[in-house]
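> No letters, just coordinates:
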């Protein structure tokens, strides 16, 4: 405590504390799971309260930005790995990508603390203003431009654990508000009268007990497995992204996927899943007349079996130019006619700089280009809707990046008029190697299962792949870690009934923000 107070008493020390607070919070996320790191928010609240009297708003913004810089630098450092896949072409961008990404995302944390300091709330209720200001900043981060809601503070809880179950009620953003208020509560205790301090402490303990107790109850009441559930096979071929696109490797990779798909099992899988971008080719070329690939696939699968795979495909745009899509294609083996396409989903939310270049011509002139091995940027598909495939429950596909967004599945159901009974997330996490990125992506996508009360099947070429139930839990024996090759055979877990979040969306979170705003306005009026 003495060292802390010494740091707190100097401007350079306060800057260091802000940076360390952000790093500590980042350690709460997978694969680290150091939940006490969330107490970094308590330090951040104190630093905002102690902002320099001469320029309090600027000081609060700067300290929030420093905390965000530490948080995002540690949270998204793995993004540099994608630039090293083709180091000769993109390697020089890696350090710039991390600096600009972490520094840019940190602006939202700076804005959140600026807003909190602008309100200048007093007393213990300022805790809720702090939670509201920073949660609002995170909501804006997830929605401005294309949005990048990676590692929301509320998603620091391990998906499938008791506290994560609150997302079924209030979603990831609502859980972020709760997490911020809970983690920052020690920051308001110093200087409070004893009675108020005890009340804040008791409220924090009650909220924490509610998260664990209510979550434990929900976990204990999960729906029972069904004997008639479809059997799903996930194929993880462990294909290295650095060598994948060499022309001579196409047949080797295709044969590997085919061999794994055809492995014997006590019960024939109803559905076989290959991950995003499974094959280093455009699917239209592979299925062209005279190509051997459709024949081999038809021989591999039995009549009635369905194959879903991630692929690049080409379409003719309205201007006559070719459009490229990141696509999930569903095939079924027919009795007489061989393999037929029975469903297509084109990715709707594309990754900036990965699948398309914002301000494309300008960026190209600066020497930048997207990372995809395609002649042009991808084109966004239509808004999502569930797919209905023969012999399978309706499914909402999410391709890679799309699994970050709360409400994406619910919005698809609203458009399609039917509720999906499971979620399929295919992703090419091979871009990020054996880093923390795939583990974080697994955790984030599992929150979509909790929010919607739906099981989720996740397929990646190098891990982490697995089957996740409607409570966000990886099923025992039904997952495969990074760097492993093989198949996962598992029955599809049952869906739950619609959750509160699936019915109301972010309305509970909006109410939380209104509470925070009302306290802030009341405080501002009293100060005036």
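Arrived safely, thanks for sending. These numbers were taken from a predicted model, which means no experiment stands behind them. Numbering: from 1, shown residues only.
> ok now stretch 493-507, how far from the chain's centre?
18 Å (CA atoms, centre = their mean, to the nearest Å).
> measure it end to end?
Start and end residues of stretch 493-507 are separated by 28 Å (CA to CA, to the nearest Å).
> Kindly report the same for stretch 78-89.
By CA to CA, one end of stretch 78-89 lies 18 Å from the other end.
> contacts for it?
90-91, 93-95, 97-98, 101, 241-242, 354, 371, 431-433, 435-437, 440 (CB atoms under 8 Å, 6 or more residues apart in numbering). C-beta coordinates here come from the backbone N, C-alpha and C atoms, glycine included.
> Report the distance from it to the chain centre.
Using CA atoms, centre = their mean, the offset of stretch 78-89 from its chain centre is 21 Å.
> Pull the number of nearby residues for residue 50.
Using other CB atoms under 10 Å, residue 50 has 15 other residues around it.
> Contacts only, for it.
8, 14.
> Would you quantify the distance from it to residue 200?
Residue 50 sits 19 Å away from residue 200, going by CB to CB, to the nearest Å.
> I'd like the next helix or strand past the one helix or strand residue 449 maps to.
Using DSSP states H and E, residue 449 sits in helix 437-452. Beyond helix 437-452 in the direction of the C-terminus, DSSP H and E gives the next helix or strand as strand 456-459.
> packing partners for that following strand?
Judged by 3 or more CB pairs under 8 Å, 6 or more residues apart in numbering; DSSP states H and E, the packing partners of strand 456-459 are strand 231-236, strand 422-426, helix 437-452, strand 465-468.
> want to throw these into CSV with mean pLDDT?
Formatted as CSV, the helices and strands packed on strand 456-459 follow (pLDDT from 0 to 100):
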stretch, mean pLDDT
strand 231-236, 98
strand 422-426, 98
helix 437-452, 97
strand 465-468, 98
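> how about these, which one is nearest residue 283?
With CB to CB as the criterion, residue 283 lies closest to strand 422-426 of those, at 13.6 Å.
> Can you tell me what sits against the closest one?
So strand 422-426 is in contact with 273-276, 308, 310, 328, 393, 395-400, 402-403, 409, 445, 448-449, 452, 454-460, 492-493, 495, going by CB under 8 Å, 6+ apart.
> mind checking how far it is from the chain centre?
That offset, for strand 422-426, works out to 13 Å (CA atoms, centre = their mean).
> heads up, I number from 25, so please use that
Noted, 25 is the first residue going forward, which turns the last one into strand 446-450.
> Show me which helix or strand of the chain is least confident by mean pLDDT.
helix 384-389 (a mean of 53; mean pLDDT, DSSP states H and E).
> Next SSE downstream of it?
Following helix 384-389 in sequence, per DSSP H and E, is strand 419-423.
> mind listing what's buried in the following helix or strand past that next one?
As assigned by DSSP H and E, the chain's next helix or strand after strand 419-423 is helix 432-440. By 16 or more other CB atoms under 10 Å, the buried positions in helix 432-440 come out as 432-437, 440.
> Please identify which pair of the residues you listed lies farthest apart.
432 and 440 (12.7 Å).
> Now do stretch 360-373: distance to the chain's middle.
25 Å.
> what pLDDT, on average, does that stretch get?
When pLDDT is averaged over stretch 360-373, the result is 91.
> Show me what counts as buried in it.
Neighbour counts over stretch 360-373 (16+ other CB under 10 Å) mark 362-363, 366-373 as buried.
> Make CSV out of those residues and add secondary structure.
Shown next, in CSV, are the buried residues of stretch 360-373 (DSSP: H, G, I helix; E, B strand; the rest coil):
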residue, secondary structure
362, strand
363, strand
366, strand
367, strand
368, strand
369, strand
370, strand
371, coil
372, coil
373, coil
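> For the residue most central in space within the chain, which residues are in contact?
By CA atoms, centre = their mean, the chain has its centre lying nearest to residue 428, at 3.0 Å. By CB under 8 Å, 6+ apart, the residues touching residue 428 are 166, 171-174, 468-469.
> Please narrow those to those residing in helices.
In this view, the contacts of residue 428 that belong to helices under DSSP state H are 468-469.
> one step back: pick out whichever of the buried residues of helix 432-440 sits closest to residue 134.
Distances from residue 134 to the buried residues of helix 432-440, taken by CB to CB, are shortest for residue 432, at 27.6 Å.
> So the closest one versus residue 166, what's the distance?
When distance is defined by CB to CB, residue 432 is 11 Å away from residue 166.
> Repeat that for residue 37.
From residue 37 to residue 166 the distance is 32 Å (CB to CB).
> Could you report the neighbour count for residue 533?
26.
> Next, it: secondary structure please.
Under three-state DSSP, residue 533 comes out as helix.
> so it makes contact with residue 198?
Yes. With contact defined as CB atoms under 8 Å, residue 533 reaches residue 198; the gap is 4.1 Å.
> Could you list the low-pLDDT ranges of the stretch 25-174 of the chain?
Low-confidence segments of the stretch 25-174 of the chain, defined by pLDDT under 70: 25.
> any idea where the strands of the stretch 225-374 of the chain begin and end?
Using DSSP state E, counting those that start in this stretch, the strands of the stretch 225-374 of the chain run over 255-260, 295-297, 330-340, 346-358, 362-370.
> how about these, which one is nearest residue 89?
The nearest among the strands of the stretch 225-374 of the chain, by CB to CB, is strand 346-358 at 33.5 Å.
> from the middle of its chain, how far away would the closest one be?
Using CA atoms, centre = their mean, the offset of strand 346-358 from its chain centre is 24 Å.
> Closest one of the buried residues of stretch 360-373 to residue 325?
Using CB to CB, the buried residues of stretch 360-373 come closest to residue 325 at residue 363, 7.3 Å.
> check contacts around the closest one.
Neighbouring residues of residue 363 by CB under 8 Å, 6+ apart: 318, 321-322, 325, 331, 355-357.
> can you redo those residues as TSV with distance to residue 550, neighbour count and pLDDT?
Below are the contacts of residue 363 laid out as TSV (distance: CB to CB, whole Å; neighbours: other CB atoms under 10 Å; pLDDT from 0 to 100):
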residue	distance to residue 550	neighbour count	pLDDT
318	73	16	94
321	71	21	95
322	75	16	94
325	70	21	96
331	65	23	98
355	66	23	97
356	67	23	96
357	71	19	94
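> Among those residues, which one lies nearest to residue 184?
For these, the nearest to residue 184 is residue 331 (28.5 Å; CB to CB).
> one step back: so which of the contacts of stretch 102-113 are in helices?
114, 118-119, 121-122, 125, 265-266, 461, 464.
> Done for today, thanks.
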